[in-house]
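In: after the sequence you'll find the predicted model.
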Amino acid sequence: MTQRALDPSGDQPTGSSGPPGPGRPVKIDAGSELDPVHPVDPPAPATAARGLSAAEVAERIARGEVNDVPVRSSRSVTEIVRANVFTRFNLIIGVLWVIMLFVAPIQDSLFGFVIIANTGIGIVQEWRAKRTLDSLAVIGEAKPTVRRDGVAAEVSVSEIVLGDLVELGPGDKVIVDGTVAEADSLEIDESLLTGEADPVLKRAGAPLMSGSFVVAGGGAFTATKVGREAYAAQLAEEASRFTLVQSELRSGISTILKYVTWMMIPTAIGLIISQLVVKDNNFKDSVARTVGGIVPMIPEGLVLLTSVAFAIGVVRLGRKQCLVQELPAIEGLARVDVVCLDKTGTLTEGGMDVTEVRALNGADEPYLHRVLGALGASDPRPNASLQAIIDTHPAPSAPSSPDGAGWRVTQALPFSSARKYSGAAFDEGGGQDSSWLLGAPDVLLPDGDPALTEIEQLNEQGLRVLLLARVRGELDAPGVADGAVPSALIVLEQRLRPDAGETLAYFADQRVAAKVISGDNAVSVGAVAAKLGLPGAEHTLDARRLPADPDEMATAMEENAVFGRVTPQQKREMVAALQSRGHTVAMTGDGVNDVLALKDADIGVSMGSGSEATRAVAQIVLLNNSFATLPSVVAEGRRVIGNITRVATLFLTKTVYSVLLAVLVVCFQVEYPFLPRHLTLLSTLTIGIPAFFLALAPNKERARPHFVRRVMRYAIPSGTIAAAATFATYLIARSHYSGTGALDAETSAATLTLFLVSMWVLAIIARPYTWWRICLVAAMGLAFLIVLAVPWLQDFFALKLVGTTMPWTAVGIAVIASAALEYAWRLVSRRFPV
């Protein structure tokens with residue numbers, strides 16, 4: 001289990017709050033008598049302290065008392081097959097296909113084989129995405145530390161048994177329900193379960209609910225409910241599932257399909273009556289033409305291509321060690337126009353180096369080094385800042401102690417992100433004792449203190465500065481920092497991520513505003529951001545001066561780029577303020593002080609090395625801990641949304657002209673002009689093959705809202721023009737041809753017009769042109785010419801242009817229709833902007 005440390009400076013992954021201290025309420029379980037700083041719990045029984053024995057674990061496994069909740073990041077293979085096979089439109093097409101197999105040649109049943117191929121492709125791609133997600137989920141799985149036979153070891157979540165003693169540290173998620181066995185200033189955040197933002201201080205015997213997480217302190221708990229009996233087990237299982245729902249794209253497609261169904265049913269009924277009852281034609285031919293009118297109304301490939309595009313996106317991101325815990329997050333991040341970044345772990349690496357310890361007020365430097373060593377030794381879970389101090393300052397020993405034992409901790413004040421400092425009191429031996437605070441200088445020092453000028457100069461260089469101050473009295477006393485005596489400045493140099501500058505430049509180029517939100521000093525954070533080239537890095541704001549009014553806060557957020565001394569609650573409020581102005585906000589973070597903001601942001605992004613709680617609420621986890629992966633996620637989302645919008649227009653244009661043609665056929669009481677084989681050919685060349693390539697092509701355009709409106713504003717005029725041109729050609733051909741074979745000639749002329757108009761729609765959709773898009777459109781046109789030129793293909797598809805007058809008339813009508821398409825698209829873009 002990766003322990004996340006306490007950071008005195010306020011920027012490392014930490015609790016969203018600390019124990020009772022200035023300005024921060026902490027709830028206490030009823031019935032507790034409490035020393036809020038360092039509660040003294042009754043000693044745990046020896047058996048509890050050692051945990052279960054190997055024999056007891058084996059006995060519980062035999063009884064089935066195991067945490068057997070399946071942790072799944074994806075749908076099962078059965079669910080994938082069911083979702084792709086058993087759909088409303090597959091049922092309709094399947095029935096029509098069976099009918100056609102009995103009444104028409106095999107070439108009129110080709111649409112059925114296309115559906116089988118499409119379904120197979122969808123299943124294979126989703127299965128690949130499932131394998132990718134499952135393998136990444138194993139890499140990113142939290143491994144709690146369990147104590148058995150007195151030895152602590154990491155185990156899989158599914159290996160926890162009833163009665164196990166599970167250790168907890170800052171940032172750890174409570175995996176199963178239990179009862180506190182050991183507590184060292186243990187604070188639990190239950191906001192994800194209860195909505196209560198204030199942390200709860202737990203003592204031995206207090207209950208713990210799965211789904212909560214540790215924000216400060218440490219301890220251990222005994223598992224009392226495991227598996228599906230745990231409080232949050234079902235919630236956690238559902239939250240971690242691979243999902244294709246709750247996205248504007250898919251809900252928009254569902255809305256479109258609902259309207260298509262409503263249009264299709266009465267139109268299909270009218271067509272059936274017209275072709276089978278009113279017209280006295282050959283029965284089998286009438287059935288074939290009726291089916292030929294119904295099948296193209298169904299945009300069967302649209303759902304498939306959406307699923308395939310998302311699934312391929314998951315596989316591509318998986319190769320970059322990016323775990324997508326909720327599939328719509330790919331789409332959501334593409335819509336983001338503001339990304340809020342936590343400095344530490346995002347712009348800078350976790351490690352730091354102590355460059356200087358600067359004594360203040362004549363303090364004795366050797367003594368200060370012993371104090372810093374004692375503070376480092378007092379924390380069993382050192383973070384980056386404290387680890388840097390430990391690396392240069394070993395723990396001191398008490399010179400008057402006969403056995404040379406080190407300083408003894410008599411009181412401890414865990415770090416709080418709200419308070420910005422931590423502390424400890426020591427018995428130095430020989431009757432000497434002292435109390436110290438370590439934290440943010442501008443919080444511990446009063447305004448106007450001479451040391452602040454010196455600190456400001458260091459901050460302007462991008463250095464992190466901590467203040468070591470001596471205090472008197474109890475560490476939890478109100479106003480304990482008011483009497484602090486500054487003793488030393490600890491100067492830390494932060495290691496910049498080599499790829500952070502390029503990533504910030506990418507967001508600037510894509511017009512995505514980056515906001516750096518940190519617990520550090522605003523000037524220091526601004527200096528770091530400026531080194532990395534963040535636009536607007538000179539606009540810094542201390543969050544303590546941030547207006548409380550949401551509207552004024554939103555204005556301040558839009559006007560500034562760097563924010564320092566931000567508390568966890570403020571992070572949440574800042575996200576809400578940006579959202580109130582219509583922004584789509586992504587939040588990155590890796591510590592428990594980021595959890596609430598990650599949860600409220602439109603998209604939460606966690607680092608793989610982040611706390612368990614952070615990874616649990618994030619939709620996207622960067623397992624390689626590289627901020628540079630985010631552009632790939634954004635690009636993938638933009639590719640999916642932009643391209644699906646393109647191909648949706650193609651599919652729905654076909655649906656519109658198919659419905660209108662059926663209506664015109666019913667109104668004019670004529671034979672439907674096409675057999676299924678004709679529309680299978682047209683759909684394949686003008687929609688199916690091109691849509692597959694266009695759906696997977698790069699697309700850097702930022703996703704825009706109103707998917708349904710944006711698609712239908714083009715599909716309706718395009719489909720209307722195509723239907724009108726095709727039916728006009730068909731009526732002219734009916735008056736031009738007569739005798740045996742007239743209907744086939746009429747069909748061929750109408751097919752030529754419809755193909756040319758559909759090709760022009762494809763040519764518009766394919767813009768802006770690149771060499772491969774030009775080749776794609778040209779290849780589809782060449783394929784149709786081959787069908788018209790090769791005799792056996794003419795016979796197979798029943799396409800033969802008779803004479804020269806009518807074919808050229810069909811071409812002329814198509815040219816006029818194409819000009820009308822160009823005018824309509826420009827008019828729609830101008831009159832109905834989105």
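Out: Thanks, I have the structure now.

In: all contacts plus neighbour counts: C-alpha atoms, from now on.
Out: Will do.

In: OK, contacts around the residue nearest in space to the middle of the chain?
Out: Closest residue to the average C-alpha location of the chain: Ala329 at 3.1 Å, with CA atoms, centre = their mean. By CA atoms under 8 Å, 6 or more residues apart in numbering, Ala329 lies in contact with Ile603, Gln619, Ile620.

In: and it, which helix or strand is it part of?
Out: Using DSSP states H and E, Ala329 sits within helix 328-334.

In: can you name the element that comes right after that helix?
Out: The first helix or strand that comes after helix 328-334 along the chain, using DSSP H and E, is strand 338-341.

In: in that next one, which residues are buried?
Out: Val338, Val339, Cys340, Leu341 (16 or more other CA atoms under 10 Å).

In: hang on, the earlier thing: with respect to pLDDT, which of the contacts of Ala329 ranks lowest?
Out: Of all the contacts of Ala329, Gln619 has the smallest pLDDT value, namely 81.

In: number of nearby residues for it?
Out: Counted by other CA atoms under 10 Å, the residues lying close to Gln619 total 26.

In: list the contacts of it.
Out: Going by CA under 8 Å, 6+ apart, Gln619 touches Val324, Gln325, Glu326, Ala329, Ile603, Gly604, Val605.

In: which one of those is nearest to Leu756?
Out: Among these, Ala329 lies closest to Leu756 (CA to CA), at 38.7 Å.

In: gap between that closest one and Ile603?
Out: Applying CA to CA, to the nearest Å, the value for Ala329 to Ile603 is 6 Å.

In: between the two, what contacts are shared?
Out: Residues touching both Ala329 and Ile603 by CA under 8 Å, 6+ apart: Gln619, Ile620.

In: give me the nearest residue to Val443, chain neighbours excluded.
Out: Of all residues not flanking Val443 in the chain, Lys420 sits nearest, at 7.1 Å (CA to CA, 6 or more residues apart in numbering).

In: hmm, that neighbour is touching Leu437, no?
Out: No. Look at Lys420 against Leu437 with CA atoms under 8 Å: they stay out of range, at 10.3 Å.

In: closest to Ser758 among the contacts of Ala329?
Out: For the contacts of Ala329, the minimum distance to Ser758 (CA to CA) is 38.3 Å, reached by Ile603.

In: contacts only, for that closest one.
Out: If you count contacts by CA under 8 Å, 6+ apart, Ile603 has them with Ala329, Gly332, Leu333, Val585, Ala586, Met587, Ala618, Gln619, Ile620.

In: ok, for Leu504, nearest residue in space, not its chain neighbours?
Out: Excluding the flanking residues, the one nearest Leu504 by CA to CA, 6+ apart is Leu534, at 6.2 Å.

In: residues touching the one you found, list them.
Out: Contacts for Leu534 (CA under 8 Å, 6+ apart) come out as Gly501, Leu504, Ala505, Ala514.

In: among the residues you listed, which are in helices?
Out: Among those, the members falling in helices (DSSP state H) are Gly501, Leu504, Ala505.

In: which stretches of the stretch 701-834 of the chain have low pLDDT?
Out: Applying pLDDT under 70 to the stretch 701-834 of the chain flags residues 702-703, 832-834.

In: mind listing the helices for it?
Out: For the stretch 701-834 of the chain, the helices defined by DSSP state H, counting those that start in this stretch cover 707-736, 742-765, 771-789, 791-797, 805-831.

In: what packs against the longest one?
Out: Judged by 3 or more CA pairs under 8 Å, 6 or more residues apart in numbering; DSSP states H and E, helix 707-736 is in contact with helix 248-272, helix 630-668, helix 742-765, helix 805-831.

In: in JSON lines: those, plus mean neighbour count and distance to Asp594.
Out: Output for the helices and strands packed on helix 707-736, formatted as JSON lines (neighbours: other CA atoms under 10 Å; distance: least, CA to CA, whole Å):
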{"stretch": "helix 248-272", "mean neighbour count": "17", "distance to Asp594": "26"}
{"stretch": "helix 630-668", "mean neighbour count": "24", "distance to Asp594": "18"}
{"stretch": "helix 742-765", "mean neighbour count": "24", "distance to Asp594": "42"}
{"stretch": "helix 805-831", "mean neighbour count": "17", "distance to Asp594": "42"}
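
In: those: which one's closest to Ala477?
Out: Of all the helices and strands packed on helix 707-736, helix 630-668 sits nearest to Ala477, with 44.1 Å by CA to CA.

In: how far off centre is the closest one?
Out: 25 Å (CA atoms, centre = their mean, to the nearest Å).

In: now swap in stretch 527-544 and tell me
Out: How far stretch 527-544 lies from its chain's middle: 26 Å, per CA atoms, centre = their mean.

In: okay, that stretch in CSV with CA atoms only?
Out: Extracted in CSV, the C-alpha atoms of stretch 527-544 (Å, rounded to 0.1, in the frame of the first residue of the first chain):
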residue,chain,number,x,y,z
ALA,A,527,7.6,31.5,-10.5
VAL,A,528,7.5,27.8,-11.1
ALA,A,529,4.6,28.3,-13.6
ALA,A,530,6.5,31.1,-15.4
LYS,A,531,9.6,28.8,-15.8
LEU,A,532,7.4,26.3,-17.6
GLY,A,533,5.9,29.0,-19.8
LEU,A,534,2.3,29.1,-18.4
PRO,A,535,0.4,31.9,-20.1
GLY,A,536,-0.7,34.5,-17.4
ALA,A,537,1.7,33.1,-14.8
GLU,A,538,2.3,36.6,-13.6
HIS,A,539,-1.3,36.9,-12.6
THR,A,540,-1.2,35.3,-9.1
LEU,A,541,-3.7,35.4,-6.3
ASP,A,542,-3.5,34.3,-2.7
ALA,A,543,-6.6,32.3,-2.0
ARG,A,544,-7.0,33.8,1.4
